[in-house]
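Undergrad: Prediction below, plus the sequence it came from.
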Amino acid sequence: MKDFDRRWIFLAMGIVVVSLFTLEKPTEMPPSEYVQSYYDTIEALPEGSIVMLSADFDPASAAELLPTYQATIHHLLRRNIRVINVATWPAAPPYTRAGFDEIAPLYGKAYGTDWVELGFIPGDDVAMGSIGQSLRSAYATDDRDSTPIAELPLLDGIQDRMEGIEVLISMSAGYPGILEWIAQVGGRYEVPILTATTAVQTPDLFAYYPTQLSGFAGAATGATQYLQLVTVDMPVAVEGEPETLVDVKVNNQERMLIQAGAHMLILLLILVGNLLYFFTKGSR
Amino acid sequence: MFTSVILAVQAAAETPLIDVDKVPTLVAILIFGGLMFLFQNQAKKGKEIPIRRIAGLDALDEAIGRSTEMGRPVLYVPGIDEIKEIQTIYSMMILRHVARKTAEFGTPLIVPVKDSVVMTFAEESVKQGCMDAGRPDAYIADNIRYLSNEQFAYCAGVAGIMTREEPAANIMLGMFFAESLILAESGFATGAIQVAGTAKQHQLPFFVAACDYTIMGEEYFAVTAYLTREPSLVGTIRASDITKILAIVLIVVGVVLGTLYPDGTKDDPGPLQHFRAFFFAEPIAETGK
Amino acid sequence: MKREIPIAMTMLAGLIVTAAFFSKAPWLQAANAELLSWALIFFSVAFLLGIGNLFRINLKQIAMRHPDWPYKAILLITLSGYLILGLLEIEGFIVYGDGSLGNKVYQDWIHGAVFKPLQATMFSLLAFYIASAAFRAFRARSFEATLLLGAGAVVMLAQVPLPIPGGSAIGSIVQPMQHFLMAFVNTAGQKAIIMGAALGVLATGLRIVLGIERSYLSE
């Protein structure tokens, strides 16, 4: 079996993914306790409260995290919650700019009072510690047009040590991400934390829920469940119209089938691999 | 226990000096620090503190030996984090040991790095390792390579080195993320012997699946103590173990109390609540019936 | 002195940051905030150091006509080009078609057209490599390995809707099993590993702050 050319496996995976991609069959996913808790925590916030939304991801993980990111922006703005955007990954701010430019006008929100973009800050967990200790020391200007942060009305009520911020939400693709936010901010100041993470990080989160983490949407499955909750009251998608959050939900629901196909192929490969292993062991 | 003493002292002072919620953490750190000094001193005085065999570490020498026999280089990947990460610091210590071995055998050692500061440290570690072996001439500056600060560009760069220069041993020790499997699989495809180690638990399954030897979790922090047998490091390992035993005792007592007395009454909140209040400074909640 | 000053600085900074975790005293908090600001400046300067290193090594190799020198030239041209473009845009030297300036139109275009697809492609390779690694490595060699295989299969099946006959029936069996595995077995294991690793980190942290561990000074 050592001589087996693994490109056959790559080909099989490619065929499974591409063929299921063309099926376009959306599948409903019942929300898990953790995703429901993510949704309920945002629902329970009073109107006008301020949330810090940290974009800790890049294009590599956008397939898993961008749908939850967009849905979270919709959810927050729809509920008239104000948003301070930060980013600890350098490739994340373009997603913040694009997201708010597209979504904020739908809810009649204005930059500076309803949301601000403070942009990327280098320093990983040290930067997170600095944001927690004093947002005003960590940032001098915003990322949109270099306005001094003292001139942003949204930040008027924000004090050091996260005072004035009701919830911290991290779109976390790895390091630095949710575990560092928990250590640097959650462990020091009294602010509830929510997160959406990539699949590989999700098993880590169970150890922190519900005391240090109030809810989480893990991987594409969690994203699909959350999208279903957020889009309950939204109008059905219309073909030919610009993409809405409902389209994003349907895309995600369709992707669940692709993921199912990939999972089943991997299980099949493990089974075949084991059969070959026992067969060759027996023949020796 | 400790909290009440602190509260009494602070009542006298005007501004609170210590955050009461964090007293249990402080006490735990002080106990750990005390144990660390105790066992370090014992080890320095010559007391034997055994460390169990770690197969992955014994494999390091085997991997370097194999590279030498085949006349091919050794590739050392120190993870992708910065120098402030403890795992990267440890990786630099192990790099020095690896550099000493490769210098002794006259085998080239390639170290690709993702961070500029780590590069400076890697250069120093390799230089020191070559000097330890008495072969300062074995240090080749061009073999410590800064590839990119971008995760997947770095990953592609390392995979390129694996394919083009075909090292016979790939040693991957440090903090790894999503690139772990890509690196390990690329290395497997070239037929290299692979030793990997990290304390990042969610990357461990990938290394276990694709590498010949894996150093896992806290084993990683025992590496330098194991390789050097330096008394202060061995003492630290013993202190960690004793602290772990203390933690296990507290957990078991908590579980037993929680199982036997799940609810107290309003007048008497029950032994579990008292236990939590005593050791963890948690306020006694009125959960009783 | 070359050794003592860095050790003293490390101790002082480490002790202030640690003390600020345990105390809300305003003077400690202010000192902590100041140190964190310095750290952020060092991080930014480290980027410059990285760029310097990259130029030093690659220019040398281009000059020596290393076999891969054209790639190294492309690297330096791309790096300088994106940096200069970014600076020009931010400083308002580029006027866009609608007369506006000071935005990040071209930077965002490069991000979307070049960086995004390249990075997403690299990450997507994982799907293929996971399949190959699963085929080669996951063997029921022992009792523990068989348990691991079984748990993995349950979690993978429960994570997605199963597009096969009887899929929903299988789902209703494996989903409670998955919940048990993730919420209890996984959590217990995770917590144990986290505690072990945290003690390792704490030990090294203490050793560095107290000046026992000096390998970062190449000792």
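TA: Received it, and whenever you're ready, just let me know what you need. The structure displayed is predicted, hence computed values, not measured ones.
Undergrad: Show me the shaky parts of chain C.
TA: For chain C, the stretches with pLDDT under 70 are C:99, C:101-102, C:137, C:215-219.
Undergrad: who's in contact with residue B:126?
TA: B:95, B:96, B:99, B:109, B:111, B:139, B:143, B:144 (Cβ atoms under 8 Å, 6 or more residues apart in numbering or on different chains). In short, each C-beta sits where N, CA and C put it, glycine included.
Undergrad: Residues of chain A that sit close to chain B?
TA: Those residues of chain A that sit near chain B, judged by Cβ under 8 Å from any Cβ of the partner chain, are A:6, A:58, A:60-61, A:124, A:126, A:174-175, A:198, A:200-201, A:203-204.
Undergrad: from those, which two are the most distant?
TA: A:6 and A:126 (41.1 Å; Cβ to Cβ).
Undergrad: of the two, who's got more company?
TA: residue A:126 (24 against 17; other Cβ atoms under 10 Å in any protein chain shown).
Undergrad: Can you lay out the residues of chain A next to chain B as TSV showing secondary structure and pLDDT?
TA: Below are those laid out as TSV (DSSP: H, G, I helix; E, B strand; the rest coil; pLDDT from 0 to 100):
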residue	secondary structure	pLDDT
A:6	coil	80
A:58	coil	92
A:60	helix	89
A:61	helix	91
A:124	helix	88
A:126	helix	90
A:174	coil	87
A:175	coil	85
A:198	coil	93
A:200	helix	82
A:201	helix	87
A:203	helix	89
A:204	helix	88
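Undergrad: if we look at chain C, which of the residues you listed are close to it?
TA: Near chain C, by the rule Cβ under 8 Å from any Cβ, you find A:6, A:58, A:60, A:61, A:124, A:126, A:203, A:204 out of the residues of chain A next to chain B.
Undergrad: Please tell me I have it right and the first one contacts residue C:133.
TA: The one in question is residue A:6. No: in this structure residue A:6 lies outside contact range of residue C:133 using Cβ atoms under 8 Å: 9.3 Å.
Undergrad: out of the residues of chain A next to chain B, who's nearest residue C:213?
TA: For the residues of chain A next to chain B, the nearest to residue C:213 is residue A:126 (19.4 Å; Cβ to Cβ).
Undergrad: Near the closest residue to the closest one other than its chain neighbours, how many residues? Count them for me, please.
TA: Sequence neighbours aside, residue C:39 is the residue nearest to residue A:126 in space, at 4.6 Å (criterion: Cβ to Cβ, 6 or more residues apart in numbering or on different chains). When neighbours are counted by other Cβ under 10 Å, residue C:39 registers 18.
Undergrad: Could you list every helix and strand in contact with the host helix or strand of residue C:39?
TA: Using DSSP states H and E, residue C:39 sits within helix C:26-63. Secondary-structure packing of helix C:26-63 (3 or more Cβ pairs under 8 Å, 6 or more residues apart in numbering or on different chains; DSSP states H and E): helix A:124-133, helix A:135-138, helix B:116-132, strand B:144-146, helix C:4-22, helix C:69-90.
Undergrad: want to try CSV for those, with distance to residue A:34 as columns?
TA: CSV is the format used below for the helices and strands packed on helix C:26-63 (distance: least, Cβ to Cβ, whole Å):
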stretch, distance to residue A:34
helix A:124-133, 22
helix A:135-138, 28
helix B:116-132, 36
strand B:144-146, 40
helix C:4-22, 29
helix C:69-90, 39
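Undergrad: Now do the contacts for residue 127.
TA: I'll assume chain A. Residue A:127 touches A:88, A:121, A:138, A:176, C:40, C:43, counting by Cβ under 8 Å, 6+ apart.
Undergrad: that's the wrong chain, I wanted chain C
TA: Residue C:127 sits next to A:13, A:17, A:262 when contact means Cβ under 8 Å, 6+ apart.
Undergrad: so which of the residues you listed also contact chain C?
TA: A:13, A:17, A:262.
Undergrad: Can you lay out these as JSON lines showing secondary structure?
TA: Shown next, in JSON lines, are the ones next to chain C among the contacts of residue C:127 (DSSP: H, G, I helix; E, B strand; the rest coil):
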{"residue": "A:13", "secondary structure": "helix"}
{"residue": "A:17", "secondary structure": "helix"}
{"residue": "A:262", "secondary structure": "helix"}
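Undergrad: Most neighbours among those, please name it.
TA: residue A:13 (21 neighbours).
Undergrad: That one and residue A:164, how far apart?
TA: 48 Å (Cβ to Cβ, to the nearest Å).
Undergrad: how about the strands in chain A?
TA: Taking DSSP state E as the criterion, chain A carries its strands at A:50-56, A:82-87, A:115-120, A:167-172, A:193-197, A:215-218.
Undergrad: Touching, residue A:61 and residue A:200? I think so.
TA: No: counting by Cβ under 8 Å, residue A:61 stays clear of residue A:200, with 9.4 Å between them.
Undergrad: separation between residue C:43 and residue B:51?
TA: 36 Å.
Undergrad: Spell out which parts of the stretch 101-250 of chain B neighbour chain A.
TA: B:151, B:152, B:175, B:177, B:178, B:189, B:201, B:202, B:203.
Undergrad: Quick one: neighbours of the third one, just the number.
TA: Applying the criterion other Cβ under 10 Å, we find 22 residues in the vicinity of residue B:175.
Undergrad: what's the answer for the second one, then?
TA: For residue B:152, the count of nearby residues is 21 (other Cβ under 10 Å).
Undergrad: what's near enough to touch residue A:24?
TA: Taking Cβ under 8 Å, 6+ apart, one finds residue A:254 in contact with residue A:24.
Undergrad: what do you get for the one 5 residues further on?
TA: By Cβ under 8 Å, 6+ apart, the contact set of residue A:29 is A:221, A:224, A:225, A:228, A:253, A:256, C:161.
Undergrad: most surrounded residue in those?
TA: Going by other Cβ under 10 Å, residue A:224 tops these with 30 neighbours.
Undergrad: Would you agree that one is in contact with residue A:249?
TA: Yes: shown here, residue A:224 and residue A:249 form a contact pair, counting by Cβ under 8 Å, at 7.3 Å.
Undergrad: Model confidence for the closest residue to chain C within the stretch 51-200 of chain B, exactly?
TA: Proximity of the stretch 51-200 of chain B to chain C (Cβ to the nearest Cβ) peaks at residue B:116, 3.2 Å away. pLDDT for residue B:116: 79.
Undergrad: burial measure for it, as a count.
TA: 21.
Undergrad: How much space separates the closest residue to it other than its chain neighbours from chain A?
TA: Closest residue in space to residue B:116, ignoring its immediate chain neighbours: residue C:50 at 3.2 Å, by Cβ to Cβ, 6+ apart. Per Cβ to the nearest Cβ, to the nearest Å, residue C:50 is found 11 Å from chain A.
Undergrad: No further questions, thank you.
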